[in-house]
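Peer 1: The sequence and its predicted three-dimensional model are supplied below.
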Amino acid sequence: MPLRYRIVSFSPADLAAPEVLLGDASGLIATALAKPAIQQWSALLQHLINAGAQSLLIQQGVRDPDFIEEHDAFYSKQQRAVPRVCVRVHAFSCPAPIATAGADPAQVVLNYIDAAAAQADCYLGFTTLRPLRHAPVGATIVVDTPQAPAICKDNFPVHIAGASFEVQGTPYLQQDNAVGACAQASIWMALRTLRRRAGNSAYSPAELTVAATKYTALNRVFPGRQGLTVAQMLEAIRSTSHDPLVISISAPPAPADPAVVIEKAQPYIESGLPVVTLLMNPNTGGHVVVGIGLTPAPHQGTNPTGLIIHNDNQGPYLHLPRTAAAGTTDYALDQTVCLMVPLPDGVFMSAAEALPQAIVALDFWLPAFVAAPLQGNIQLPPLVTRTYLCTRHAFREWAKGCAELDDGARVIYRTAELPKFVWVVEVHDANEYRPGEPNHMSRLGEVVLDAAADALHGDALVFFRLTQSMLPVPTTSPGLLGIDDGSVVALAKGDRMAGLAEPWKQV
């Protein structure tokens, strides 16, 4: 029986001829009518070099479930025999073993796999190479990098020859322009990121195409080269038990305001929810990408200047700038038409509705915390807010682990009944706040809202808490204040604290 695994060294020199490595790994070579597409493959290799990859483990005979669905729906109908199995390329930061004369190749591979499994952070992820010259890059999950940090990601288990690995990243897929185009690929990336947390089944690009065209098909279902309309994209997302939220940005040819795009997308991206982004380039037409992070990197401590995206046409973990460079056909934020967010079932309030609710709560309750002689004359320090959606488990875990949180507030936060999902609007000192760096000690308090509440007619307030350091005036008792409807407001003791980093981690 032939050995299914082999290890090859990997270095920046391989970037000079990516088609050579692609042909070696997958066997895809150019023909008279088709040659391998290498743009996404090249971008992926560059990303792996940035992540520190030094070796690749090539695994033959992989039955990838997404490609099997694509094969059954389309490629199995062709006269030319399109293989049903794929090749999987695993990347490692540890170097390939040195060849030794007379060594058993199988044992060398197994020793390498076992040694890599014992090293923390050695495994960098995998890419699936489909037997398609025009679209070889299939289901891919590789780590992000400090140069392109993702917020919307998850931990994915990987098993190789009996050894267990884990990769934290955002799934990526190249469209094949037959079973699905950019819309299906972007929806697949967004939903696969949320799959474990949402508890939904995996949906292949083929299944998304069928779901999108179930009620409205403007052309043939397969090949799906014309892409999808917004209505069809929403139908595809709804079929997976998510509730898609559409945020309109601009009406072409009027350009979008990049700052508005970032402002609208940021609460969802910080909630770990990928944002499917419809762009309209005046030269090349419409395109769909998925926003998964914010630029610059968190440690830079400045307002986001763009989005980190997965672009199925170009590669993973790319920067989407505010405007395109002159004379290019690149995509940019000012080409944004609308955003689509696959909200979890039962989230009825949007981020745009949650923030005003929090501000109303602030305006209403602040006078209650100020000593009588100064009521009506409150001079607040400059404040900013950070809004995100999280589960009650994530919020309680933050309360449990936050050393600066007042004991009274901690007891309430950990024991009170909470809805499944809450909008958290953190209040920060504007002079100290560093966007993208939640662990910095600038948080002064928070407003917690029921994400399932009716923003127009229901009282969404769950908790309201401020630290005394927020109010540079004499305050009333720092005890807990009960509200008639059962909500709780607290003016807590204690100083500044950190925000909730990566609220997506807790289900």
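Peer 2: Here it is on my side, so go on.

Peer 1: Now Asp243. Nearest residue, chain neighbours left out?
Peer 2: Leu343 (4.7 Å; Cβ to Cβ, 6 or more residues apart in numbering). From N, CA and C alone the C-beta is placed, and that goes for glycine too.

Peer 1: how many neighbours does the one you found have?
Peer 2: Leu343 has 23 neighbours, counted by other Cβ atoms under 10 Å.

Peer 1: In contact with it, which residues?
Peer 2: Shown in contact with Leu343 (Cβ atoms under 8 Å, 6 or more residues apart in numbering): 242-245, 273.

Peer 1: Tell me the one among the residues you listed nearest to Leu318.
Peer 2: Leu273 (19.1 Å; Cβ to Cβ).

Peer 1: isn't the closest one right up against Ala198?
Peer 2: No - taking contacts as Cβ atoms under 8 Å, Leu273 lies outside contact range of Ala198: 10.1 Å.

Peer 1: ok, and for the longest strand anywhere in the chain, which residues are buried?
Peer 2: Secondary structure of the chain read by DSSP state E shows that its longest strand is strand 285-295. Buried residues in strand 285-295, counted by 16 or more other Cβ atoms under 10 Å: 287-295.

Peer 1: Kindly indicate which of these lies nearest Leu339.
Peer 2: Looking across the buried residues of strand 285-295 and measuring by Cβ to Cβ, the closest to Leu339 is Gly291, at 7.7 Å.

Peer 1: For the residue lying closest to the closest one once chain neighbours are set aside, what are phi and psi?
Peer 2: Spatial nearest neighbour of Gly291, excluding adjacent residues (Cβ to Cβ, 6+ apart): Val275 at 4.0 Å. Val275 adopts backbone torsions of phi -110, psi 110, taken as degrees, to the nearest 10.

Peer 1: cool, Pro267 as well?
Peer 2: Here is the backbone geometry of Pro267 (degrees, to the nearest 10): phi -60, psi -30.

Peer 1: Got the phi and psi for the closest residue to it other than its chain neighbours?
Peer 2: Nearest residue to Pro267, sequence neighbours excluded (Cβ to Cβ, 6+ apart): Ala351, at 3.6 Å. Dihedral pair for Ala351: phi -60, psi -40, per degrees, to the nearest 10.

Peer 1: Kindly report the same for the one 3 residues further on.
Peer 2: For Ala354, the backbone dihedrals are phi -70, psi -40 (criterion: degrees, to the nearest 10).

Peer 1: Over to the one 10 residues further on?
Peer 2: Backbone torsions of Phe364, given as degrees, to the nearest 10, read phi -80, psi -40.

Peer 1: State the distance from it to Ala351.
Peer 2: 21 Å (Cβ to Cβ, to the nearest Å).

Peer 1: just to revisit the earlier point, give the burial count for the residue nearest to Pro267, as a bare number.
Peer 2: Ala351: 24 neighbours (other Cβ under 10 Å).

Peer 1: hang on, Ala163 packs against Ala117?
Peer 2: Yes - if you go by Cβ under 8 Å, Ala163 and Ala117 touch, sitting 4.1 Å apart.

Peer 1: rewinding a little: okay, and the common contacts of Leu273 and Ala198?
Peer 2: Counting by Cβ under 8 Å, 6+ apart, nothing touches both Leu273 and Ala198.

Peer 1: quick one: low-confidence parts of the stretch 151-300 of the chain?
Peer 2: Scanning the stretch 151-300 of the chain for pLDDT under 70 picks out 217-225, 297-300.

Peer 1: all strands of it, in order?
Peer 2: Ranges of strands within the stretch 151-300 of the chain are 154-160, 163-169, 243-248, 275-281, 285-295, based on DSSP state E, counting those that start in this stretch.

Peer 1: Quickly list the domain ranges of this structure.
Peer 2: 5-245, 351-505 (automatic domain parsing).

Peer 1: Quick one: closest of these to His319.
Peer 2: domain 5-245 (6.7 Å).

Peer 1: what's the span of the closest one from first residue to last?
Peer 2: 44 Å (Cα to Cα, to the nearest Å).

Peer 1: And for stretch 190-204?
Peer 2: 12 Å.

Peer 1: chain center to it, what's the gap?
Peer 2: 12 Å (Cα atoms, centre = their mean, to the nearest Å).

Peer 1: what comes up buried for that stretch?
Peer 2: 190-195, 197-198, 200, 203-204.

Peer 1: Of all pairs in those residues, which one spans the longest distance?
Peer 2: The span of those, defined through Cβ to Cβ, is set by Arg197 and Ser204 at 19.2 Å.

Peer 1: which residues are contacting the helix or strand just after the longest strand of the chain?
Peer 2: The helix or strand immediately downstream of strand 285-295 is strand 306-311, counting by DSSP states H and E. Contact with strand 306-311 is made by 144, 148-151, 170, 172, 186, 189, 258, 261-262, 265, 269, 275, 277, 289-295, 316-322, 331, 333, as judged by Cβ under 8 Å, 6+ apart.

Peer 1: Nearest spatial neighbour of Val167, chain-adjacent residues omitted?
Peer 2: Gly125 (4.2 Å).

Peer 1: The one you found contacts Thr140, correct?
Peer 2: Yes - Gly125 lies in contact with Thr140 (Cβ under 8 Å); the separation is 7.4 Å.

Peer 1: of the two, who's got more company?
Peer 2: Neighbour totals were compared for Gly125 and Thr140, and Gly125 leads with 28 against 25 (other Cβ under 10 Å).

Peer 1: Show me what that one is bridged to.
Peer 2: Beta bridges link Gly125 to Ala91, Val142, judged by DSSP bridges.

Peer 1: which residues touch it?
Peer 2: Contacts of Gly125 (Cβ under 8 Å, 6+ apart): 90-91, 140-143, 158, 167, 169.

Peer 1: Report the buried members of those.
Peer 2: When those are checked for burial by 16+ other Cβ under 10 Å, the buried set is 90-91, 140-143, 167, 169.

Peer 1: Just the closest of the contacts of Leu343 to Pro2, please.
Peer 2: His242 (42.6 Å).

Peer 1: Can you read off the pLDDT for the nearest residue to the closest one once chain neighbours are set aside?
Peer 2: Excluding the flanking residues, the one nearest His242 by Cβ to Cβ, 6+ apart is Pro342, at 3.9 Å. For Pro342, the pLDDT comes out at 95.
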